[in-house]
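J.: Give me a model of this one.
(2 chains)
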Amino acid sequence: MTERLDGPQAPGDDIPAAGAPSGPIETRSAPAPAARVDSSTPHRLGPSPRMAVFFLLPAVLLLGAWVVYPIIYSIFRSLFDSTGDRFVGLGNYGSIFTDSATLTTIRNNVIWVVVAPLIVTVLGLIFAVLTERIRWATAFKLILFMPMAVSLLAAGVIFRLVYEQDPDKGVANAVITAVHDTFSSSAGYPGARPRENDQAPAAVQSGAVVTKQQVQAGQPVLIPLVGLSPDVVKDAAPAKAAPAGGVSGTVWLDVVRGGGGTLNQIDPQEKGLAGITVEAVSGGAVKGTAETAADGSFHFAGLPAGSYVVRLPQSNFQAPFNGITWLGPGLITPAIIGAYIWVWAGFAMVLIAAGLSAIPRDALEAARIDGATEWQVFRRITVPLLTPVLLVVFVTMIINVLKVFDLVFIIAPGSVQPQANVIALEMWRVSFGGGGNQGMGSALAIFLLVLVLPFMIFNIRRFRRDER
Amino acid sequence: MRKLPLTVAVLALAAAACGGNTTPEPAQSGGGTAAAAKPLDGVKIEVAAKWTGEEQANFEKVLKAFQAKTGATVTYASTGEDTGAYLGPRIEGGNPPDVAILPQPGLVQQYADQKALKPLSPEVQAQIDQNYTPYWKELGSVDGQVYGVLVKAAHKSLIWYRQTAFDDAGAQPATSWDDLIGKTAQTLADSGTAPFALCGASGWTLTDLFENVYLSSAGPENYDKLAKHEIPWTDPSVTTALQKMGQIFGKNEFVLGGASGALQTDFPTCATQVYGQKKAAMVIEADFVAVTAAESGAKVGEEAKIMPFPKAGDTDPVILGGDTAVVLKDSKGAQALLEFLASKEGGEVWAKQPGYLSPNRNVSPDNYPDDLTKQLAQTIISAGESVRYDMSDLAPSAFGGTDGKGEWKDLQDFLRNPSDVKGAQEKLEADAAKAFTK
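T.: A predicted model of the protein is given here:
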């Protein structure tokens, strides 16, 4: 931000020979209005224009080779097809807006630009204002600023792990499942289900396990379940047939380690499933509820005679809450934006804190003496005085966000990269990452340049105005 | 000035770290007297390949043997997963490595068209004629000119399983697809173990699965046609193959973590899920799973076993992948390295490392460290002309070899939504049409 894009007196037309608007030369050649008067006389102050050109030359050459030439060549290249031989005019630009994959990247970039800079700036502002008040401000700021010291690539690797689905690996899901489990513990037997064949006496109906036959009193019901490892219930009591009398039956795990055993019959080494809620249903209404005992048997007490179906409601088999699929197609972009905010919020905070310390204290004091609340002081005094800094941070973030690449590349697994894709990544993919179409890649590069340009100009203008 | 030595030291350290793995120690190997005997003393060769970790270390042992034999200095550069993305700019920039080992024959064609490849010297071709069947020679040729030699083969028609999981469930290896789905997988699922760990995040594992099912159900003629895009992906034979895959994809209890879990699992994590975390029973991938299985502590051949990919139709599928070595800079060293890699001698050095399978018919199977690889080597060599090469690797890389694009993406979408066979076929056809016309 200390770049001097212009001399204090803006003497740009003074030295046409210099050409490029950069410069120590300009500021040096026009240190005072006196230089303007002297410029026609042979004894001028400072070096000659020839000298100026000489000193500018390295910068001009480097900028030309690394900035100007690549831009011009990219424009030229973007008008040709993948081989570089056939002129296609604006065809590549046309396909940016017709190819659905590329449109997704544009949509994602829009989400990024709308969400990320705003959150980064607001968080930066909040941190900056709050750290002014606390005792360990420097330590706090240091910690918040720390992610800036990590390269984006490393940050991507970190967050790939943070967002891992398995709560044993991913911190995000570990926290969420821990919080979730303190409020609702998942009991029961997730994964247990009846066999899927005609002989099985029960089948799954909208999540619940229901007997296929009507059940009468005096005939014990057998409900064999599978899909659980015998290890899960190795301490359970062996399954036992329910004593006859009333509507009764047994729910057990019909799996024998190593295979074998008689299907749909209780074998001696098979274990009962305790604590399962069992319902007796007749005509769509629940007439009685029971719970299985340690050996898996259940008995409905006081049920009127008649025929029922026995139902094990879905709540018995609820899969444990396994956290959020951060890296799935739905949440991938918000997840990556989260990582981005982690990296950049500290940077925004430091810039805004610097601006904050430059605010005249007397304005704040005056407002407080006049009886303003802290919120009013913040809203009416602090934020308006900070606006220039906030704008700079915001616009810098927009430019930064438009060219986001590494975080997306690292965090999104291959299968969701099409959903997470952004223009800069697509540009690389199309040109080098297997696409081999550098015409299209150049078109995307130019498109990105056009998007960034207004914000660059805005920022440069601002800097100039600040210089004056 | 006091700072300068430190900077120099740091730079030297960095340089050493970069080349650390491959820089030979000429001082150790005997100095001047031995150097006179070696034909390539002082010659520097750079070889680029995609291998990392274990596979890289194994390859470096082969390079070491070459260095010891010739005196040349070989540096290894890892291209990462995306070899095209690494080599493309270097070729454009006029600074390619001397030798590159390409994971896809499609790249041989592409670089030959760009005139970036050098034809192999007569010595290398002699080695090829001596050690390879004509099928492999043709695979490395473009317009009759030989550019590449297959130095490493991957047997892709395998299903790896965990013996303990099979024992616990009482499951048996399957010999037909219907048995695999109806008996083996169902028995495993009933016993509470997920039958399959799919590596959905690595698209190529899904194309491998498709190719095996397709070659088996549609036959080799259709396979060749589809590989060249002479029949469309909307063909009924593709429908059949996708429906068969849907028998796995469509059942939540068959896939560890369900489709969404599988789509976040890359290779080799899925193999770790089988042998390390013991969460699933089978992983459908090539012979190189052995490396991961061994790392996870499963003994290959006892706990980690293979079954040939079961027949899903009339053909017993045998599909190979492989890495083709090409010369990008015409130098004596580069051709000599290729000659070594294509020779019986070089192949046998490599064969002693785990996870390597040679397409070289004169490499004696006795060199392989385990019975399993010996058996694999036999099948490849005896199958000869009836073997098919990995279809996705024969396609333009925009279709068959790019993360998040083409076949990889479309099969991932199919895994996400396995009921939409028709939609998947239409997307595959649209992407194939785009890639093949270029």
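J.: all helices for the stretch 301-438 of chain B, in order.
T.: In the stretch 301-438 of chain B, the helices defined using DSSP state H, counting those that start in this stretch lie at B:332-342, B:344-351, B:371-383, B:391-394, B:397-400, B:406-416, B:421-437.
J.: The ones you listed into JSON lines, with extra columns for mean pLDDT?
T.: Output for the helices of the stretch 301-438 of chain B, formatted as JSON lines (pLDDT from 0 to 100):
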{"stretch": "helix B:332-342", "mean pLDDT": "91"}
{"stretch": "helix B:344-351", "mean pLDDT": "91"}
{"stretch": "helix B:371-383", "mean pLDDT": "77"}
{"stretch": "helix B:391-394", "mean pLDDT": "86"}
{"stretch": "helix B:397-400", "mean pLDDT": "82"}
{"stretch": "helix B:406-416", "mean pLDDT": "92"}
{"stretch": "helix B:421-437", "mean pLDDT": "91"}
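J.: Any stretches of chain B with poor pLDDT?
T.: Confidence mapping of chain B against pLDDT under 70 gives the ranges B:1-37, B:381-386, B:438.
J.: nearest residue to the residue in it positioned nearest to chain A other than its sequence neighbours?
T.: Nearest residue of chain B to chain A (CB to the nearest CB) works out as B:G170 at 1.5 Å. The C-beta positions use only the backbone N, C-alpha and C, and glycine is treated the same way. Spatial nearest neighbour of B:G170, chain neighbours left out: A:G259 (1.5 Å); criterion: CB to CB, 6 or more residues apart in numbering or on different chains.
J.: Check the stretch 251-400 of chain A for the residue nearest chain B and tell me.
T.: A:G259 (1.5 Å).
J.: That residue - how many residues pack around it?
T.: 16 (other CB atoms under 10 Å in any protein chain shown).
J.: All the helices of the stretch 101-250 of chain B, in order from the start?
T.: Counting by DSSP H, counting those that start in this stretch, the helices of the stretch 101-250 of chain B are B:105-113, B:122-131, B:134-139, B:163-169, B:177-179, B:186-190, B:203-227, B:236-249.
J.: In a markdown table, list those along with distance to B:G321.
T.: Shown next, in a markdown table, are the helices of the stretch 101-250 of chain B (distance: least, CB to CB, whole Å):
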| stretch | distance to B:G321 |
| --- | --- |
| helix B:105-113 | 10 |
| helix B:122-131 | 19 |
| helix B:134-139 | 11 |
| helix B:163-169 | 26 |
| helix B:177-179 | 21 |
| helix B:186-190 | 27 |
| helix B:203-227 | 8 |
| helix B:236-249 | 18 |
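J.: How is the chain divided into domains?
T.: The chain I'm using is chain A. Using automatic domain parsing, the domain parsing of chain A gives A:12-64, A:91-175+A:326-467, A:202-317.
J.: hm, I was asking about chain B
T.: Residue ranges for the domains of chain B, per automatic domain parsing: B:42-155+B:320-386, B:158-317+B:395-437.
J.: hmm, the first one in reach of chain A?
T.: What it means is domain B:42-155+B:320-386. Yes: interface with chain A: domain B:42-155+B:320-386 contributes B:82, B:84-85, B:88-89, B:110 (CB under 8 Å from any CB of the partner chain).
J.: Take the residues you listed and lay them out in CSV including secondary structure.
T.: CSV is the format used below for the residues of domain B:42-155+B:320-386 next to chain A (DSSP: H, G, I helix; E, B strand; the rest coil):
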residue, secondary structure
B:D82, coil
B:G84, helix
B:A85, helix
B:G88, helix
B:P89, helix
B:Q110, helix
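J.: wait, which of these is closest to B:I284?
T.: B:D82 (23.3 Å; CB to CB).
J.: what's that closest one sitting at in phi/psi?
T.: The phi and psi values for B:D82, taken as degrees, to the nearest 10, are phi -110, psi 90.
J.: ok, back up a step: would you agree the residue of the stretch 251-400 of chain A closest to chain B is in contact with B:A165?
T.: No: look at A:G259 against B:A165 with CB atoms under 8 Å: they stay out of range, at 11.8 Å.
J.: can you list the residues of the stretch 201-350 of chain A near chain B?
T.: So far as CB under 8 Å from any CB goes, the stretch 201-350 of chain A lies against chain B at A:226-232, A:255-260, A:325, A:327-329.
J.: rerun at 7 Å
T.: A:226-229, A:232, A:255, A:257-260, A:325, A:327-328 (CB under 7 Å from any CB of the partner chain).
J.: Can you name the next helix or strand after the longest helix anywhere in chain A?
T.: Secondary structure of chain A per DSSP state H: the longest helix is helix A:100-131. Next along the chain after helix A:100-131, taking DSSP states H and E as the criterion, comes helix A:137-145.
J.: and A:L448, how many residues sit next to it?
T.: A:L448, neighbours per other CB under 10 Å, totals 18.
J.: what's the spacing between A:G258 and B:G182?
T.: Noted for A:G258: a distance of 20 Å to B:G182, by CB to CB, to the nearest Å.
J.: nope, B:P89 is what I meant
T.: Taken as CB to CB, the span from B:P89 to B:G182 is 50 Å.
J.: On the pLDDT front, check A:G249 for me.
T.: pLDDT for A:G249: 88.
J.: Doesn't it lie inside a helix?
T.: No: under the criterion used here (three-state DSSP), A:G249 is strand, not part of a helix.
J.: Dig out what it forms beta bridges with.
T.: Following DSSP bridges, A:G249 is listed with bridge partners A:V221, A:F298.
J.: show me what contacts it?
T.: A:G249 is in contact with A:220-223, A:242, A:298, A:310, counting by CB atoms under 7 Å, 6 or more residues apart in numbering or on different chains.
J.: Out of these, flag the one nearest to chain B.
T.: For the contacts of A:G249, the nearest to chain B is A:I223 (14.9 Å; CB to the nearest CB).
J.: Show me the contact partners of the host helix or strand of the closest one.
T.: Assessed by DSSP H and E, A:I223 sits inside strand A:221-225. Here strand A:221-225 makes contact (CB under 7 Å, 6+ apart) with A:192-194, A:201-202, A:209, A:211, A:215, A:249-254, A:264, A:273, A:310, A:312.
J.: and if we set it to 6 Å?
T.: A:192, A:194, A:201-202, A:215, A:249-251, A:253-254, A:264, A:310 (CB atoms under 6 Å, 6 or more residues apart in numbering or on different chains).
J.: Which one of the residues in the stretch 51-200 of chain A is closest to chain B?
T.: A:Q165 (5.7 Å).
J.: Which helix or which strand is home to that residue?
T.: A:Q165 belongs to no helix or strand, assigned by DSSP H and E.
J.: Kindly give the local confidence score, pLDDT, for it.
T.: So, for A:Q165, pLDDT stands at 85.
J.: Just give me the neighbour total for B:M282.
T.: 30.
J.: swap in the one 10 residues further on?
T.: Residues within reach of B:T292, counting by other CB under 10 Å, total 25.
J.: and the helix or strand containing it, which residues are buried?
T.: B:T292 is part of helix B:289-295 when elements are defined by DSSP H and E. In terms of neighbour count (16 or more other CB atoms under 10 Å in any protein chain shown), helix B:289-295 has its buried residues at B:289-294.
J.: Could you single out the nearest of the residues you listed to A:A420?
T.: Checking the buried residues of helix B:289-295 one by one against A:A420 (CB to CB), the nearest turns out to be B:T292, at 26.7 Å.
J.: quick one: contacts for the closest one?
T.: Residues near B:T292 by CB under 6 Å, 6+ apart: B:268, B:271.
J.: Then the one 5 residues further on?
T.: Contact partners of B:G297, counting by CB under 6 Å, 6+ apart, are absent.
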